[in-house]
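# Test case, fold it:
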Amino acid sequence: MSDDEKPQKNPLGPTGHRVRENIQRIRTERRLTYRELSDRLADLGRSIPTLGLSRIENGTRRVDADDLVALAIALDVSPLALLMPAQDSPIDLAAGVRIGWKPGWRWAAGEHPLVAERRRQDEQGREVVSFDRIDLADPRVVDYVRANRPFESDPIDEAGMFLLARLGTKPFRAEIRHDGDGRISGDVTLHSGQDADGER
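Sure, this is the predicted structure:
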């Protein structure tokens, strides 16, 4: 029996499978061979031979924390891009813990905790805890953000970077208002070079 055929003592869970799928997808999108990715990792001081990369992608070799960071650097992505799904679908975080795609990314990015939960039974009768997006007025949000996003950043720069990443190089004007009640309101007005009035 080969190493690939032996049953694993500690098989990959949902996150391990996402990591291996994301590595394979991103490597393929970047048109990197195993050799090229292996060389990049060696340059970072975290050697993984081509056979090891193949085993990662087929799920027979685990990715530890140091591998994950090195692979993220070598693939030019955030570690979260390896840990979280790229496509909009419910995310299984652990046995019996499932979250929606957007709330899952926001939790992983340190924007809000997993506190608004619903419990239900899945098809096999197991209890599943689903987390919805948290109410921004919840005081736990502030503590969570401070603990998980400890760096200081200019809110205008952060909002601008977010919009630029989604809108590209189109000129835009944004007005965002917060009334202190946990709700954020406002309009984003996009302008093209030909449309001085813009569109909402």
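
# Do a quick rundown of the helices in this structure.
Here the chain has its helices, by DSSP state H, at 14-29, 34-43, 50-58, 65-75, 79-83, 101-108, 140-148, 155-167.

# Now do the buried residues in the first one.
Along helix 14-29, the positions that meet the burial threshold by neighbour count (16 or more other Cβ atoms under 10 Å) are 15-16, 18-20, 22-23, 25-27. Bear in mind the C-beta positions are built from the backbone N, C-alpha and C, glycine included.

# go on, the second one?
Of the residues in helix 34-43, those buried under the neighbour-count criterion (16+ other Cβ under 10 Å) are 34, 37-38, 40-41.

# quick one, that helix and helix 50-58 angle?
110 degrees (axes from the mean of the first three to the mean of the last three Cα atoms, to 10 degrees).

# Turn the buried residues of helix 14-29 into a markdown table, including distance to residue 139 and pLDDT.
Listed next are those as a markdown table, based on distance: Cβ to Cβ, whole Å; pLDDT from 0 to 100:
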| residue | distance to residue 139 | pLDDT |
| --- | --- | --- |
| 15 | 29 | 95 |
| 16 | 34 | 96 |
| 18 | 32 | 96 |
| 19 | 34 | 98 |
| 20 | 38 | 98 |
| 22 | 34 | 98 |
| 23 | 38 | 98 |
| 25 | 39 | 98 |
| 26 | 38 | 98 |
| 27 | 42 | 98 |
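
# quick one: which of those residues is nearest residue 59?
Comparing the buried residues of helix 14-29 against residue 59 with Cβ to Cβ places residue 20 closest, at 5.4 Å.

# which residues touch that closest one?
Going by Cβ atoms under 8 Å, 6 or more residues apart in numbering, residue 20 touches 12, 56-59, 63.

# Put the buried members of these into a ChimeraX selection.
A single ChimeraX command selects the buried members of the contacts of residue 20 (16+ other Cβ under 10 Å):
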select :12,56,57,59,63
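
# Save the buried residues of helix 34-43 as JSON lines, and put in distance to residue 99 and pLDDT too.
JSON lines is the format used below for those (distance: Cβ to Cβ, whole Å; pLDDT from 0 to 100):
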{"residue": "34", "distance to residue 99": "33", "pLDDT": "98"}
{"residue": "37", "distance to residue 99": "30", "pLDDT": "98"}
{"residue": "38", "distance to residue 99": "34", "pLDDT": "98"}
{"residue": "40", "distance to residue 99": "32", "pLDDT": "98"}
{"residue": "41", "distance to residue 99": "31", "pLDDT": "98"}
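
# Settle this for me: residue 110 is touching residue 148, isn't it.
Yes: the criterion here is Cβ atoms under 8 Å, and residue 110 meets it with residue 148 at 3.2 Å.

# Low-confidence ranges, this protein, go.
Scanning the chain for pLDDT under 70 picks out the ranges 1-8, 115-120, 127-137, 178-200.

# Could you rerun that using 80?
1-10, 95-96, 114-139, 152-200 (pLDDT under 80).

# Identify the residue spatially nearest to residue 26, adjacent ones excluded.
residue 75 (4.9 Å; Cβ to Cβ, 6 or more residues apart in numbering).
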